[in-house]
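Asks: Starting from these lines, generate the structure:
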Amino acid sequence: MHIDHLSLTNFRNYRRLELDFPPGATLLYGDNAQGKTNLLEAIYYLATTRSQHTSQDSEILNWEAEGSNEPVVVGRLVGHVSDREGPRLLEMRLIREGEGAQSSFRREALVNRRKVRLMDLLGNLRVVLFLPEDVQLVAGSPSERRRYMDITLCQTDPVYCRTLSRYNKVLEQRNALLRQIAEEGTGHDVLPVFTEKVADLGGLIFARRASFLAALAREAQRIHYEALTAGREVLRLNYLPRLYSRQQVKNNGADPADTYADWAEWLESASPEAATERFREALQAVRGQDMARGRTTIGPQRDDWAFVVNGRDLGSYGSRGQQRTAVLALKMAEINWMAAETGETPVLLLDEVVAELDEGRRTFLLNYIREGAQAILTATDPAMFTDAFLDEAHLLQVLDGRVEQAKNALLSEAE
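Replies: Below is the predicted model:
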């Protein structure tokens, strides 16, 4: 899979940009705050319909255009993508209408110039993003790890993506009803309807996440053990499905870690129907607790997973170096897993990541990139890359929202 051309209008610090990407590696270099990361963000947004840096889509409109008095401001991201099924034209439109308190914002997605739902854009361009802050996947909040799972799965599995979207809507409705029951004492007769819907959708999500993490864990363990730690450390990714509350587990006298491991192992081989039945029983068991608290206390929305090396939780006991190594293994495993699932190697996006790695891991990553995947990297200093990599890569300089071919002097210096 390749992105062949990127066109931007009113996106971040780019008023207008037309940029070709050749196969292989492209290195975007320049000082900080010039627009390198914005280019990766644009490609990531086309692939996932999300920004990796903000939850407010309106913020990615060009600030000069955003500050104008125009009644309608349109940002456009257009990508020419090709894979074994042929070329496609992907487009996202970011539209601001009106001014001040009367303004509104909406998004439109198009594939081959035909409007589609946002979720139907997913899978047309698949990417794996490397960021320095990815280390937060180890030590950060469970919501970050759930977000990683969902974005990765939604790029490859449209059924999962549709199910997750429906689950979130039904969960919101069930929680609204539970708040009504807690505050007003009405609505008990309707609760079983929403409980059944939550169980049906949640069971499929549990089962798919379990199989995904199990496959990803096997590949990450192999890369971590063989290529990154010379056989000294064993990495595991432990799924922690919230089929039951922690209090229920403790009341049963069981160890939560062992219980979550047992559930994860069971879910990995369970059918969606079996997972749904188990989740339905669990929801019935916490019905009183849910009504008292006014929210659904168990389910995929509370899932988590953990990095464990040699039996120790990296989030609590791992060094910064161990955490970075584990995340590198995870990302490399994600590439291989996605390629196996789809038959296409995803586009790799690496934002200042090489500077964060030691020489051995940097060499490992660059050698992988040189093997053929399309990769787009950013850096402030090309000198941190090997001569062999620079000889083969396409170098572009980014300066204040402009992208130019590398100067001859830089090429000579790199050689």
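Asks: mind listing the strands for the stretch 151-300 of the chain?
Replies: 235-240 (DSSP state E, counting those that start in this stretch).
Asks: likewise the stretch 1-150 of the chain?
Replies: 2-11, 14-20, 25-29, 72-83, 86-97, 104-111, 114-116, 127-130.
Asks: Report pLDDT for Asp387.
Replies: pLDDT for Asp387: 90.
Asks: Could you report the neighbour count for it?
Replies: Residues contacting Asp387 under the criterion other Cβ atoms under 10 Å number 9. For every residue, glycine as well, the C-beta is placed using N, CA and C.
Asks: Gly372 is nearest to which of the strands of the stretch 1-150 of the chain?
Replies: Smallest distance to Gly372 across these (Cβ to Cβ): 9.9 Å, for strand 25-29.
Asks: For that closest one, the averaged confidence score.
Replies: 97.
Asks: That strand packs against which elements?
Replies: Secondary-structure packing of strand 25-29 (3 or more Cβ pairs under 8 Å, 6 or more residues apart in numbering; DSSP states H and E): helix 36-48, strand 375-379, helix 387-392, strand 394-399.
Asks: That strand versus strand 2-11: what angle between them?
Replies: If you take axes from the mean of the first three to the mean of the last three Cα atoms, to 10 degrees, strand 25-29 sits at 30 degrees to strand 2-11.
Asks: ok, strand 25-29: who's next to it in the sheet?
Replies: Counting by DSSP bridges, the strands paired with strand 25-29 are strand 375-379 (parallel), strand 394-399 (parallel).
Asks: low pLDDT regions in the stretch 201-350 of the chain?
Replies: 246-254, 256 (pLDDT under 70).
Asks: hang on, the earlier thing: and the strands paired with strand 25-29 as TSV, adding mean pLDDT and mean neighbour count?
Replies: Output for the strands paired with strand 25-29, formatted as TSV (pLDDT from 0 to 100; neighbours: other Cβ atoms under 10 Å):
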stretch	mean pLDDT	mean neighbour count
strand 375-379	97	23
strand 394-399	96	18
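Asks: Minimum distance to Thr345: which of these has it?
Replies: Nearest to Thr345, of the strands paired with strand 25-29 and by Cβ to Cβ, is strand 375-379 at 10.0 Å.
Asks: okay, the angle between that closest one and helix 36-48?
Replies: In terms of direction (the same axes, to 10 degrees), strand 375-379 departs from helix 36-48 by 150 degrees.
Asks: In CSV, could you pull the C-alpha coordinates for strand 375-379?
Replies: These are the backbone C-alpha positions of strand 375-379, laid out as CSV (Å, rounded to 0.1, in the frame of the first residue of the first chain):
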residue,chain,number,x,y,z
ALA,A,375,7.8,5.1,5.2
ILE,A,376,7.6,8.8,5.9
LEU,A,377,9.9,10.1,8.6
THR,A,378,10.5,13.4,10.2
ALA,A,379,13.8,14.7,11.8
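Asks: quick one: that strand to chain centroid distance?
Replies: From the chain centre to the centre of strand 375-379 is a distance of 18 Å (Cα atoms, centre = their mean, to the nearest Å).
Asks: outside of it, which residues touch it?
Replies: Contacting residues not belonging to strand 375-379 are listed as 21, 24-29, 36-37, 39-40, 43, 347-355, 369, 385, 393, 398 [Cβ atoms under 8 Å, 6 or more residues apart in numbering].
Asks: Which among these count as buried?
Replies: Using 16 or more other Cβ atoms under 10 Å as the burial test, these include 21, 24-29, 36-37, 39-40, 43, 347-354, 369, 385, 393, 398 as buried.
Asks: What's the local residue count around Asn310?
Replies: 14.
Asks: and the gap between it and Thr345?
Replies: Counting by Cβ to Cβ, to the nearest Å, the gap from Asn310 to Thr345 is 31 Å.
Asks: What of Glu356?
Replies: 23 Å.
Asks: Likewise for Arg107?
Replies: For Arg107 relative to Thr345 (Cβ to Cβ), the value is 28 Å.
Asks: Show me which of those two is the more surrounded one.
Replies: More crowded of Arg107 and Thr345, by other Cβ under 10 Å: Thr345, with 20 against 15.
Asks: what helix or strand is the more buried one on?
Replies: For Thr345, there is no host helix or strand (DSSP states H and E).
Asks: wait, what's in contact with it?
Replies: Met1, Ile335, Met338, Ala339, Gly372, Ala373, Gln374.
Asks: again with Ala406
Replies: Residues near Ala406 by Cβ under 8 Å, 6+ apart: Tyr29, Leu395, Leu396, Gln397.
Asks: Just confirm the third one contacts Ala25, I think it does.
Replies: No. The criterion here is Cβ atoms under 8 Å, and Leu396 misses it with Ala25 at 11.2 Å.
Asks: count of neighbours near Gly343?
Replies: Gly343 has 11 neighbours, counted by other Cβ under 10 Å.
Asks: now swap in Tyr160 and tell me
Replies: 19.
Asks: list the contacts for it?
Replies: Counting by Cβ under 8 Å, 6+ apart, Tyr160 touches Leu153, Cys154, Leu204, Ile205, Arg208.
Asks: One more pass at 6 Å, please.
Replies: Leu153, Arg208 (Cβ atoms under 6 Å, 6 or more residues apart in numbering).
Asks: From Val190, how far off is it?
Replies: Tyr160 is 28 Å from Val190, by Cβ to Cβ.
Asks: and what of Val128?
Replies: For Val128, the distance to Val190 - Cβ to Cβ - is 43 Å.
Asks: Pick out whichever of those two has more residues nearby.
Replies: Using other Cβ under 10 Å as the criterion, Val128 and Val190 rank with Val128 on top: 25 against 14.
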